[in-house]
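Participant: any chance you could fold what I've pasted below:
(one chain, ligands or ions: 1)
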Amino acid sequence: MQVEDIRRLFLGTFVRPPEETGGAPRVEAVYAYAVPHASGLVLLDTGIGAADEETEAWYRPRRVPLDKALREHGWILDDVHLVVNCHLHFDHCGGNRLLPGRTVVAQREELATARRGGYTFEALIEGASYEELDGEAEVLPGVHVIPTPGHVDGHQSVAVVCDDGSVVLAGQSHDQASQWSADALAAEAAALGHDEPLPTYPVWMDRLREFDPRRVVFAHDAAVWLPR
Ligand SMILES: [Zn+2]
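Facilitator: Residues are numbered from 1 along each chain as shown. Presented below is the predicted three-dimensional model:
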């Protein structure tokens, strides 16, 4: 598998209201990623799930069905072998229920939080067979799931090792690629010869940077981070 073989799936949009942005409403895209692994297709996230009336009115989501998004790349739902959810908010795990029998990878902490209620829509997470992780794991050869807490405590990202380099599927570790850029520079600053004071950055940036990614991609930003 080459870096270019990993594809982005466009699964819709929603509108974040002014109450959440502190300014004007903001349209947000929802992206999943498909990794054509030798074992079968691996998905990071599955799209926007059905919400209640109140949430629908608040975010006004427009969904692209997962099967339609897959079809654009020549795949069908049956091609999916494994699902990793970066976290279990309703805009990331909406298509899980379309994939019965497939293992869903989540941090144990995240699943416990989601099952406690008031966090996601429970129908979206019921009935799946979970592989619950306590931290980092190589879930398939070359597919590394790495905890990246921040947006939520149980957030996780994926680093995929391809024949020609690695790709980090960051999910919502950062809302925007430019935030990754800033954290990556902060992590590099001492090595670049800068003295304190320097900005802090999440400790897990060091682990993700060990993969020396050729690109880093995000759940809510079409922009892609590229190395120097
Ligand atoms: Zn999200």
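Participant: residues in contact with residue 151?
Facilitator: By C-beta atoms under 8 Å, 6 or more residues apart in numbering, the contact list for residue 151 reads 87, 172, 173, 175. Bear in mind the C-beta positions are built from the backbone N, C-alpha and C, glycine included.
Participant: helix, strand or coil for residue 112?
Facilitator: Secondary structure, DSSP: H, G, I helix; E, B strand; the rest coil: residue 112 is helix.
Participant: for this protein, what's the longest strand?
Facilitator: Ranked by number of residues, the top strand in the chain under DSSP state E is strand 26-37.
Participant: tell me if it is near the ion.
Facilitator: No - against the ion, strand 26-37 shows no contacts by C-beta under 5 Å from the ion, the least distance being 7.1 Å.
Participant: buried ones in that strand?
Facilitator: 28, 30, 31, 32, 33, 34, 35, 36, 37 (16 or more other C-beta atoms under 10 Å).
Participant: just to revisit the earlier point, between the contacts of residue 151, which sits nearest the ion?
Facilitator: Relative to the ion, the closest of the contacts of residue 151 is residue 172; by C-beta to the ion it sits at 4.8 Å.
Participant: list the contacts for that closest one?
Facilitator: Counting by C-beta under 8 Å, 6+ apart, residue 172 has contacts 86, 87, 92, 151, 155, 218, 219, 220.
Participant: same deal with residue 175?
Facilitator: 151, 218, 220, 221.
Participant: of these - the most surrounded one?
Facilitator: Neighbour counts for the contacts of residue 175, by other C-beta atoms under 10 Å, peak at residue 218, which reaches 27 neighbours.
Participant: quick one, phi/psi of that one?
Facilitator: phi -130, psi 160 (degrees, to the nearest 10).
Participant: try residue 43
Facilitator: Main-chain dihedrals, residue 43, degrees, to the nearest 10: phi -110, psi 140.
Participant: cool, residue 202 as well?
Facilitator: Dihedral angles of residue 202 (phi, psi; degrees, to the nearest 10) stand at phi -60, psi 140.
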